[in-house]
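**Student:** show me how the following folds:
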Amino acid sequence: MACVYAHPLEFAFGNIFPIYLGPMLTNAHPMTCYIFWFPLAMAGTCKGHCGYRIMGLVDPHDAHHFYFKLNYGGMYLADYLFGTTTKHPSEKKDEKLRMLGNG
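**Tutor:** Model (predicted):
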């Protein structure tokens, strides 16, 4: 999938290390990591990059791939604090249709 396609250094420090950091800092049991944390983290990464609506919702990070300088993170708190939050283009279109009474 496109979400894990990256330069080896980017993949190691941007994808793998952050996933392992939480369990390492909290001394989590390995089975907890393998059964819950790692699959949820990878599913979240795939969801944020797939480009599809899942249960009618678009992941906010997906808009980052349209605008590049907005919606960087997965937790969105830093984006909110630094003013780099925006809606996905399809959500903006849906809002316009609702305002016009077509949605």
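**Student:** going forward, measure contacts and count neighbours with C-alpha atoms only.
**Tutor:** Will do.
**Student:** the residue nearest to Lys47 when sequence neighbours are not counted: neighbouring residues, count only.
**Tutor:** The shortest distance from Lys47 to any residue other than its chain neighbours is 6.8 Å, reached at Asp59 (C-alpha to C-alpha, 6 or more residues apart in numbering). Residue neighbour count, defined by other C-alpha atoms under 10 Å, stands at 21 for Asp59.
**Student:** for Asp59, what are its contacts?
**Tutor:** Lys47, Gly48, Arg53 (C-alpha atoms under 8 Å, 6 or more residues apart in numbering).
**Student:** now the residue nearest to the last one when sequence neighbours are not counted: how far from Ile19?
**Tutor:** Spelled out, that is Arg53. Nearest non-adjacent residue to Arg53, counting by C-alpha to C-alpha, 6+ apart: Asp59, 7.6 Å away. Distance, Asp59 to Ile19, using C-alpha to C-alpha, to the nearest Å: 19 Å.
**Student:** do the same with Asp62
**Tutor:** As judged by C-alpha to C-alpha, Asp62 and Ile19 stand 19 Å apart.
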